[in-house]
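J.: kindly return the folded structure for what I paste below:
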Amino acid sequence: MRKVLVIGSGGAGKTALALQVGEITGLPVVHLDRLYWEPGWTVPDRDVWHQRLQDAMSRDEWILDGNYSATIDTRLAEADTVLFLDFSPLICIWRVIKRYLRHRGSSRPDMAPGCEERLTLGFLHWIWTFRSRRRDGLRRMIRKHSRKADVIVLRSQKECDRYVEELVAKRPG
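T.: Model prediction:
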């Protein structure tokens, strides 16, 4: 386990799981939201984004937290472990609302500076329709591009907690 990709719907807990796995394994965590966005939620130039991603992926070890479907094929091809959080949309929406209330008026630690927490109907719709509109395509991308990866699908917080406990148990020393 040297190159880990954590993917799933918004609000599923990708960042929290990435941080836990990073703490246990010592692997550096890279938040794609932090790499991608520019202040004020400005979209970067495509070449700038791709260079930032290449720089992060050029390391020998990493945990990449985030989806960004336009570049997921590259990340899947490099990952040796894929953690796919496949949570209920209701849970994800509830978590995003709590996150918004906790961080509104400021940027989250995993977000780019100058991107204050926001909650939009478009984002809520994306979360609500993630399973019905995006999950199958994401599964196809995983099958197509991650032939060497250990793919672990986690469908609840209980399964995530169990996975983390198993990682702790396997940790040397």
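J.: show me the contacts for residue 111.
T.: 31, 33, 34, 37, 117 (CB atoms under 8 Å, 6 or more residues apart in numbering). Glycine gets a C-beta too; all of them are placed from N, C-alpha and C.
J.: shaky segments in this structure?
T.: For the chain, the stretches with pLDDT under 70 are 173.
J.: closest to residue 163 out of the contacts of residue 111?
T.: Relative to residue 163, the closest of the contacts of residue 111 is residue 31; by CB to CB it sits at 19.6 Å.
J.: and that closest one, how far from residue 107?
T.: 11 Å (CB to CB, to the nearest Å).
J.: who has more neighbours out of the two?
T.: Legend: neighbour count by other CB atoms under 10 Å for residue 31 and residue 107, higher for residue 31 (22 against 17).
J.: what is the burial count for the nearest residue in space to the more buried one that is not next to it in sequence?
T.: Spatial nearest neighbour of residue 31, chain neighbours left out: residue 110 (4.0 Å); criterion: CB to CB, 6 or more residues apart in numbering. By other CB under 10 Å, 18 other residues sit near residue 110.
J.: in helices, which of the contacts of residue 111 fall?
T.: Counted as lying in helices by DSSP state H, out of those, are 33, 34.
J.: quickly find the element holding the residue nearest to residue 31.
T.: Residue 110 belongs to no helix or strand when assigned by DSSP states H and E.
J.: isn't it up against residue 32?
T.: No. Contact criterion CB atoms under 8 Å: residue 110 and residue 32 do not qualify, at 9.1 Å.
J.: give me the common contacts of the two.
T.: Jointly contacting residue 110 and residue 32 under the rule CB under 8 Å, 6+ apart are residue 65.
J.: dump the contacts of residue 111 into a markdown table; add distance to residue 84 as well.
T.: As requested, the contacts of residue 111 are exported to a markdown table (distance: CB to CB, whole Å):
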| residue | distance to residue 84 |
| --- | --- |
| 31 | 17 |
| 33 | 18 |
| 34 | 21 |
| 37 | 23 |
| 117 | 25 |
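J.: just the buried ones among the contacts of residue 111, please.
T.: 31, 33, 34, 37, 117 (16 or more other CB atoms under 10 Å).
J.: sorry, back to before: closest to residue 137 among the contacts of residue 111?
T.: Distances from residue 137 to these, taken as CB to CB, are shortest for residue 33 (20.7 Å).
J.: residue 148 and residue 109, how far apart?
T.: From residue 148 to residue 109 the distance is 31 Å (CB to CB).
J.: ditto for residue 83
T.: In terms of CB to CB, residue 83 sits 20 Å off from residue 109.
J.: check residue 172 too.
T.: 29 Å.
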